[in-house]
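S.K.: I'll drop the sequence and a predicted model, then ask my questions.
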Amino acid sequence: MGKAIKDIFGALESREVTTKIGLSLFFFVLLYFLYQALTTNPMGIGEMDSLTYHIPIAKEFARGNFFPPDLPGGLGYYPAIGELMLAIQLILKIPLGFYNIIGVIALFSICHILAKRFGLKTELSIVFAVSICLLNSVIRLIPAQKNDIWLLVFFLTTLYLLYKPGKTIKYFLTLGMSIGLLVGVKYSGKLFALILLLVLGRKVLRDLNGKRLIAILIPIALLGASWYIRNFFLTGNPFYPGNILGFIGHSDFYAISALSAIKSPGGPLLFIEALFSEYLLWALIPVVLLYVYVKDKKLLRKAAPIIVIGLLSTLLYLFLPSDFARQGMTSNLRFMQPAMTAFILSVFLIFKESNKELSILAILGSAAVLTNLDYYPKLVSIWLILVALIMYWKGRGIFIVKGEKK
């Protein structure tokens, strides 16, 4: 028995093996939610934010009405890039359950190419992408029509573009589209965009000229600022229904900040519990970063901009809405996804610099989320067939990563 266990862990030390396991887990989760999307409608899932305002707004857009619908608390005035995407699904008669399935596939893709841009090898970048896509905080959102996964996609796309800026008009148009989508998907998007620009925007600003400025501003205005302009003309408050910067919001709109919730009696323990619930072992990242800072600051050089983005995004989270109750606080930790993704990437970079292996721990953490899913034997059978086919194709030379060290 001891030798068998030793052999298993010896096999797991191969990054190629952990990559295959990670991809297999990701495919199973996709298959699970594809089945759910095809067999369960939003009413059956019963996610209240989706039913209260995301879907109603999308239905109005699908009818050709782009004025904010009259919803409780003025929620119809939220920036609505996500709801536009939902409206397209309604027009095309695509089940609404596919909204965040498409989102998590996009998230996997951008995580993979972002990690490669930061210097991770292909297989390790896949492990990073799996680690992000299989966070509890992400998994919980896949059946719903909330916009947080898409906000993370646009956040990471903007980060990818800003990290190594281009100088062509096409680059500035693409960057403008990414920022515009980030600003237009949620109110918090404009603040996340500001964080990215503060940390990484210097080179872009240095290379701006008249044409490039126009190229970046037009998509930002159309995709992002247009929602705020609409609200200003309709209500006199670009951030309606919120009460912010002296603008008067909706009388029934009320939200407490995460900082207020954490400072309340019992709040710190609830926050720690919720943080581990949503991010598992990744919740220990602050301890890891502090340890590395004390032991060898040089290891932080490559990851420094990402750590700063993570810290600023965490600071922003403290002023975003939360709740005093356990369920609300846990749910609203999804607002920490940009911060946690930045921190997780920084740990991958630090481990790479120190020539230590993180893949096994990352994949074991990802596997833990499977306990949240119901057991469907037929789905497991289909999944095993798909895994077998992938292994067969890989053995024939398909999907082999060229130029990678084993």
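M.R.: Perfect, thanks for sending it.

S.K.: Next up, phi/psi of L191, please.
M.R.: Backbone torsions for L191, taken as degrees, to the nearest 10, come to phi -80, psi -40.

S.K.: quick one: it from A62, how far?
M.R.: 29 Å (Cβ to Cβ, to the nearest Å). Where C-beta positions appear, they are placed from N, C-alpha and C, glycine not excepted.

S.K.: what do you get for L290?
M.R.: 49 Å.

S.K.: same thing with I113?
M.R.: 32 Å.

S.K.: Next, the contact list for F247, please.
M.R.: G236, N237, P238, F239, Y240 (Cβ atoms under 8 Å, 6 or more residues apart in numbering).

S.K.: again, only this time at 10 Å
M.R.: Contacts for F247 (Cβ atoms under 10 Å, 6 or more residues apart in numbering) come out as N231, F232, T235, G236, N237, P238, F239, Y240.

S.K.: Using neighbour counts, trim these to the buried set.
M.R.: Among these, those classed as buried by 16 or more other Cβ atoms under 10 Å are N231, T235, N237, P238, F239, Y240.

S.K.: so the first one is in which element?
M.R.: Assessed by DSSP states H and E, N231 sits inside helix 226-235.

S.K.: got a list of contacts for that helix?
M.R.: Contacts of helix 226-235 (Cβ under 10 Å, 6+ apart): 66-68, 74, 77-81, 180, 183-185, 187, 190, 220-221, 237-241, 247-250.

S.K.: Could you point out which of the contacts of F247 is nearest to L120?
M.R.: Nearest to L120 among those: F239, at 37.8 Å, using Cβ to Cβ.

S.K.: Can you read off the pLDDT for the closest one?
M.R.: F239 carries a pLDDT value of 93.

S.K.: what does the one 10 residues further on give?
M.R.: The score at G249 is 87. That number is its pLDDT.

S.K.: Show the contacting residues for it.
M.R.: G73, G74, Y77, T235, N237, F239, Y240, P241, G242, N243, A255.

S.K.: Now do it against Y240, distance only.
M.R.: Taking Cβ to Cβ, one finds G249 at 6 Å from Y240.

S.K.: likewise G180?
M.R.: From G180 to Y240 the distance is 20 Å (Cβ to Cβ).

S.K.: Backbone dihedrals for C133, please?
M.R.: Torsion angles, degrees, to the nearest 10, at C133: phi -70, psi -20.

S.K.: So what's the residue count around it?
M.R.: Using other Cβ atoms under 10 Å, C133 has 27 neighbouring residues.

S.K.: out of the contacts of F247, which one sits closest to L90?
M.R.: N231 (23.2 Å).

S.K.: give me the element Y291 is part of.
M.R.: With DSSP H and E as the test, Y291 turns up in helix 285-295.

S.K.: What distance do you get for the residue lying closest to I101 once chain neighbours are set aside to P79?
M.R.: Counting by Cβ to Cβ, 6 or more residues apart in numbering, F33 is the residue found nearest to I101 once chain neighbours are left out, at 5.4 Å. Distance of F33 to P79, given as Cβ to Cβ: 26 Å.

S.K.: which of the two has more neighbours?
M.R.: Legend: neighbour count by other Cβ under 10 Å for F33 and P79, higher for P79 (25 against 20).

S.K.: what's the distance between the nearest residue to that one once chain neighbours are set aside and W282?
M.R.: Using Cβ to Cβ, 6+ apart and skipping the chain neighbours, the partner closest in space to P79 is W227 (4.0 Å). W227 sits 32 Å away from W282 when distances are taken as Cβ to Cβ.

S.K.: go on, A37?
M.R.: On the measure of Cβ to Cβ, A37 and W282 end up 27 Å apart.

S.K.: returning to that earlier point: number of residues surrounding the residue nearest to P79?
M.R.: 21.

S.K.: Same check on N209?
M.R.: Using other Cβ under 10 Å, N209 has 10 other residues around it.

S.K.: again with the one 3 residues further on
M.R.: One way to gauge burial is a neighbour count; for R212, by other Cβ under 10 Å, it gives 19.

S.K.: That one is in what secondary structure piece?
M.R.: Assigned by DSSP H and E, R212 falls in helix 210-219.

S.K.: ok, and what's touching that helix?
M.R.: 167-181, 184, 204-205, 208-209, 225.

S.K.: try 7 Å
M.R.: I169, F172, L173, L175, G176, M177, G180 (Cβ atoms under 7 Å, 6 or more residues apart in numbering).

S.K.: Quickly note the distance from the first one to A215.
M.R.: Right, I169. Taken as Cβ to Cβ, the span from I169 to A215 is 5 Å.

S.K.: can you check the fifth one too?
M.R.: Separation of G176 from A215 (Cβ to Cβ): 6 Å.
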